[in-house]
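Asks: the following block contains a protein sequence and its predicted model.
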Amino acid sequence: MSAVPPLSESNRRFMSGNEAIARGAWEAGCNLAAAYPGTPSTEILEYAAHYPEMYTEWSVNEKVSLEVAIGASLAGSRALCAMKHVGLNVASDALMSQTLAGVGAGLVIAVADDVGLSSSQNEQDSRFWGRFAHVPVLEPADTQEAYEFVRRGFELSEQFNTPVILRLTTRICHVKGVVNLGQRQEISRNEGFVKDPARLIMTPGVAKKRLPMMFERDEEVQRHSEASELNFIQAGSDRRVGFVTSGPTYMHVREAFPDAPLIKLGLSYPVPFDRIRQLADQVDQLVVVEEVEPLLETELKAAGIELLGKEILPRIGELSPNVLRPAIAGLLGEEVVEEAPVKPPVEIKPPAPRIDPATGINVFPRPPTMCVACPHLGIYYCLSKIRNTTISGDIGCYTLGAGHPWNALDTTICMGASMGIAHGLDKGRVEADKDKKVIAVIGDSTFMHMGMQGLLDITYNKGNVTILLLDNRAVGMTGGQDNPASGRDIHGEEAMQVDFRKLCEALGVKPERIHEVNPYELPTLFTALRQEVKVPEPSVIITNQPCVLVDHYGAQPALTVDDDKCTGCGNCLDIGCPAILVTRRETVVKPNGSEKELAFVKIDSGACTGCDLCPKTCGPDAIVPLANYVRQ
Amino acid sequence: MSENKITNILVAGIGGQGVMTAAEILSQTALAQGFDVKKTEVAGMAQRGGVVTSHVRFGSQVLSPAIPPGEADILVGFEPAEALRWCSHLRPEGVIMINTTRQEPPVVSLGLYDYPEDPVGEITNTGIECHAFDAGAIARELGNFKLVNTVMLGAISELLPFSAEVLKAEILDRFRGRKPTLVDINEKAFELGRQAAADN
């Protein structure tokens, strides 16, 4: 079942929502797609890049990707840009003005909300941007609709001369379902860019004249929303409770209450109030089911429609049938069956330290880790050994440096913020911190995304920050996508490669304060760090080894531990490499009477890539190459 | 199977083990058998080493993509501690298939947490139908640790509402085009997994 009726049996494909969006854009004659990678939206562009008719690019940030899409739209090409929810915060400056200027050919902004926070620094509801920017919001409920709604987005965009937001959630992007495909339709591009300074040069005088247009447009789209088949009422036999649904919540309600009447909002903003009133008249009680914020709820209540929402439903995290069922049972005065989480048939007796209260099952947490042989391991090892510092971190793999065993970061706020925050930590320091050294850690892609401006601010304002620029030539966290540091484009073809030394110099860092080091050479790294934190001016230490996830990463023969030599000191564990495993622990009493914990280790030779980092921490030289090793 | 019965399969393991590939193969096989299918991943961060689960649901009509807790028919545990972590997702009459090869994360190596002493025993004590064997050892003996995936699919192949043969064909077809040398070894892995499930 999909929310939109199937077209035919012949073109059924099993696709993720992200793949379906790329396909939908291609079929709709889209000529340009741009994005900065971000979970859960990343794969939209990865799939889009497979269609040669569309120009695709990894932009350096979301604002730029939207600007590129706006340009293409004004040039007469249908254009898509994709981003995660926090990306729209970055792109919002362009959005808020473009909403006044309008579009050329259709412009769709696909925004993926990470509901439930699988890999984001916050949980936010992008539907607010629709209200804020006065642009229509489409909310697909499954993969078929993700595919269909891209075309609808382009059509709406052109019909009403506005960008359109396609609001996605993890349960659209990363769900695979059956999609019925069609063919690409080339859109006539006879009319190119139309000079129109009274619309496109957003001076105060122009903007003032455009504002009434924007409010007229709001009313037109509102009328369209009331009449659109994207918003439909589905009758039901059990009229005790009716539901207002949008996006994937439609599926959850259908599964939990197959007999209940509901309205499904595919075009959820502007809100079709009259249609919702029609439903309200048919049912005893109305419940609005929406993920994250009580957005519709507040608007519907303000419009005088009586209903319930977050009074009975959770405000945090994902909704699902098993969350809805007990809430509605409670509303109907029925016995509430505790469904989530279900306990196993027999209670498990937990043996030790950490108990999940929901299940009684005792399993250690398994947070994501830095990869085996990651070049960042040595950097965080060094940072964890340096005293009297405040370290400002950033978004990406390097955020993991805040975890065990390094515990090396003191702040992480948003993309690119390490620079500005470090500068603030320096300038705003109080007497107690007068001797503390301020260090900022940022990755190559993040530096280009939003970090460069922060560095310029530091140099211009005579700041004193030691910057570690971890250049691993990839956007590591999202799977190793290319960027201007990798020297390749979205298709893996050769591209210009940024020279960070020159870039930092251009941003005002003195040449003698810029060092390029191999992060596997721990003594060199230590020396550079110790030296630069003492210098009272901005320094940049660039590390230059590639992400282990990129194709051309050169693995070396694996290492092993010589059991006869291992003293159990556990120093190698401080590196944090997941391939180092403890075989046994012992407590010994030292000559002075104090106790010492020993941990004897082995190396998982299947995972080890021979990066040679751990031998540098090993006093007795117990870590050696595996004899007769052949890599498969 | 009955008209509206949805089959829920939860595949659980660690990033990099092939959890998502196994789920993809199950989904494609169900799709080819004419079912409506939905699959969704619950990964931690988009990175290696964290917990990864993949939900596969198929039947005549599937609405919500995620398997509600307590409704999984089959749990495929690629790692014993992960099998223990997710076993409450099974329905009481559900079946769990476990690879007993342990993968200890850095938090355990660092001594911050203990690895459960006997995860399989804990699960068995719940009364859930539990099959456990060392799929990692079978894969290593065949010469490639990545074969764990095929071994585990072979192990659950008799529990599905379609034949083990169509599942095997779906796996082997993936190699025929690109890596024909892997066809035989994957067939062996599949059959050894099937056998191990029958013996355990």
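Replies: Here it is on my side, so go on. Numbers count the residues shown, from 1 in each chain, chains lettered A, B, ... in the order given.
Asks: how close does the residue in chain B positioned nearest to chain A get to residue A:322?
Replies: Using Cβ to the nearest Cβ, the single residue of chain B nearest to chain A is residue B:70, 2.8 Å away. Every residue, glycine included, has its C-beta placed from N, CA and C. Distance, residue B:70 to residue A:322, by Cβ to Cβ, to the nearest Å: 8 Å.
Asks: neighbour-wise, which of the two wins?
Replies: Of the pair residue B:70 and residue A:322, residue A:322 is the one with more neighbours under other Cβ atoms under 10 Å in any protein chain shown, namely 23 against 19.
Asks: surely that one touches residue B:64?
Replies: No - Residue A:322 lies out of contact with residue B:64 (Cβ atoms under 8 Å); the separation is 9.1 Å.
Asks: touching both of those two, which residues are there?
Replies: Counting by Cβ atoms under 8 Å, 6 or more residues apart in numbering or on different chains, the shared contacts of residue A:322 and residue B:64 are residue A:256.
Asks: where are the low-confidence patches of chain A?
Replies: Within chain A, the set of residues satisfying pLDDT under 70 comprises A:1-10, A:337-361, A:628-632.
Asks: and what of chain B?
Replies: Ranges of chain B meeting pLDDT under 70: B:1-4, B:43-48.
Asks: list the contacts of the residue nearest the centre of it.
Replies: The centre of chain B sits closest to residue B:76, judged by Cα atoms, centre = their mean, with a distance of 3.1 Å. Shown in contact with residue B:76 (Cβ under 8 Å, 6+ apart): B:9, B:10, B:11, B:12, B:22, B:97, B:152, B:156.
Asks: next: residue A:417.
Replies: A:392, A:394, A:411, A:450, A:454.
Asks: so when I look at the last one, I'm seeing a helix, right?
Replies: Right, the one you point to is residue A:454. Yes - counting by DSSP: H, G, I helix; E, B strand; the rest coil, residue A:454 is part of a helix.
Asks: please name the residues that touch it.
Replies: By Cβ under 8 Å, 6+ apart, the contact list for residue A:454 reads A:416, A:417, A:418, A:419, A:420, A:422, A:423.
Asks: would you agree the fifth one is in contact with residue A:461?
Replies: No - under the criterion of Cβ under 8 Å, residue A:420 lies out of contact with residue A:461, with a separation of 10.6 Å.
Asks: those two - which one has more neighbours?
Replies: residue A:420 (21 against 12).
Asks: looks to me like the more buried one is in a helix.
Replies: Yes - the assignment for residue A:420 is a helix, going by three-state DSSP.
Asks: show me what counts as buried in stretch B:28-44.
Replies: B:28-31, B:33, B:35-44 (16 or more other Cβ atoms under 10 Å in any protein chain shown).
Asks: quick one on the thing from earlier: hang on, the residue nearest to the centre of chain B in a helix?
Replies: No - using three-state DSSP, the secondary structure at residue B:76 is strand, not a helix.
Asks: could you find the closest non-adjacent residue to it?
Replies: residue B:11 (4.6 Å; Cβ to Cβ, 6 or more residues apart in numbering or on different chains).
Asks: contacting residues around that neighbour?
Replies: B:19, B:22, B:23, B:26, B:53, B:54, B:56, B:75, B:76, B:78.
Asks: then the helix or strand it falls within to PDB, C-alphas only?
Replies: Following DSSP states H and E, one finds residue B:11 within strand B:7-14. Taking C-alpha atoms only, strand B:7-14 is exported to PDB below (Å, rounded to 0.1, in the frame of the first residue of the first chain):
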ATOM      1  CA  THR B   7       6.300 -11.000   8.500                       C
ATOM      2  CA  ASN B   8       8.700  -8.900  10.700                       C
ATOM      3  CA  ILE B   9      12.400  -9.600  10.600                       C
ATOM      4  CA  LEU B  10      14.800  -7.600  12.700                       C
ATOM      5  CA  VAL B  11      18.500  -7.900  11.800                       C
ATOM      6  CA  ALA B  12      20.800  -6.600  14.500                       C
ATOM      7  CA  GLY B  13      24.500  -6.200  14.700                       C
ATOM      8  CA  ILE B  14      27.300  -3.700  14.400                       C
END
